[in-house]
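any chance you could fold what I've pasted below:
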Amino acid sequence: MRFSVVPVLMGSLTLGAGAVLAGDSAMGEWEGKLRGDDGVERILEARVVAEGGDRFRAVMRLDMDGAWNAGESTGRRQGETVVFSGSLTPGQGSGGVCRLQGQVDSEGFRGTCAGSGTTARFSLARMERRPPRLGAEPPEKAVVLFDGTGLDAWMHRDGQPAGWKLREDGSMEVTRGNILTRRSFGDVRIHLEFRTPLMAEARGQARGNSGVYVQGRYEVQVLDSFGLEPMDNGCGGVYRIAPPRVNASLPPLQWQTYEIVFRSPRFDSSGGKTANAKITVRHNGEVIHLDRELPRLTPGGVSSEEGERGPLLLQDHRDPVQYRNIWVVPLD
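Numbering: from 1, shown residues only. Below you'll find the predicted structure:
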């Protein structure tokens, strides 16, 4: 794994640059061991999603000799403890489904998984994954689009100055409509960092929604998709064209990275398209699209036609998503 993985003590829930878990002590990523009656230990991972009020959902993965097997459990807060129940399917020849019981408290995420006359015990610690390119400095030939000091490089579509909120931590927060760069780009490498809010009661497209439109035409979705299956309208998806290879999302409130390499569509002298646009995307260091052809535009962009150049557009979907450290390297 290309992430820097750091255990986080239960007594100190600060994750990333200024992100705090807002009282949801169960939310986030957990990793540890499940130990069977036979003494065999296996890696167990959990992604715990806050679902509003006192409700949680844990997506579990158990390593069965390199084959990851899944399960899910639901949790309810009871005072200072979140109690989970659900199931794991360890795989063929290993006793079938085991019934999971566990809890998150001041000592971590602990519990048992029982089935076929045996009981395995697990103990997990909270983990923080830090994207390898988080805070990356722009190289010498880069065009810096946002460094926290102002929005001069951006505007609204009508040419008015960008009206997004500048924050004291050097980020900007989505508000007052889409913004796009004053400058247009063709082939380009893009670096940007984003953070989705915790909107635990919301679901689907209402949960931390925004988007990065390359050339103002092709959207790479921004969304709180932590703990979900990869989808073309989920985080990292090329909207309505292709889901990411894997869901590399971090929990809400943690800073994440997109590294995008884009090749513009090609046209002949009469304006006929000779080659589709292509895109490669790394989300938090994971390759989620590799030379993906883009046969058409995605909805909501600046144009109904493809072109050789265009601006970078950031979408206002009425959710307080934040962006920082945006720079590009022209490749044409």
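
and residue 189, helix, strand or coil?
Of the three states, residue 189 takes strand under DSSP: H, G, I helix; E, B strand; the rest coil.

which residue sits closest to it, ignoring its sequence neighbours?
residue 329 (4.4 Å; CB to CB, 6 or more residues apart in numbering). (C-beta placed from N, C-alpha, C; glycine too.)

the helix or strand where that neighbour lies pairs with which strands, and in what direction?
Following DSSP states H and E, one finds residue 329 within strand 322-330. Strand 322-330 sits in its sheet next to strand 143-146 (antiparallel), strand 172-173 (antiparallel), strand 188-195 (antiparallel), going by DSSP bridges.

and that strand, how far out from the chain middle?
Its chain's C-alpha centre and that of strand 322-330 lie 17 Å apart, by CA atoms, centre = their mean, to the nearest Å.

next, the buried residues of that strand.
For strand 322-330, the neighbour count (16 or more other CB atoms under 10 Å) marks 322-329 as buried.

how about stretch 267-278?
Buried, per 16+ other CB under 10 Å, within stretch 267-278: 276-278.

what do you get for stretch 32-52?
32, 34, 36, 42, 44-51.

just confirm residue 114 contacts residue 102, I think it does.
No: Residue 114 is beyond contact range of residue 102, at 11.5 Å (criterion: CB atoms under 8 Å).

okay, the two: which has more neighbours?
residue 102 (25 against 15; other CB atoms under 10 Å).

which secondary structure element is home to that one?
Here residue 102 is assigned to strand 98-105, by DSSP H and E.

quick check: phi and psi on residue 205?
Main-chain dihedrals, residue 205, degrees, to the nearest 10: phi -70, psi -10.

distance of it from residue 177?
18 Å (CB to CB, to the nearest Å).

now for the residue nearest to the spatial centre of the chain: which residues touch it?
Nearest to the geometric centre of the chain sits residue 249, at 2.6 Å (CA atoms, centre = their mean). Each residue near residue 249 by CB atoms under 8 Å, 6 or more residues apart in numbering is listed here: 224-228, 234-236, 256, 283-284.
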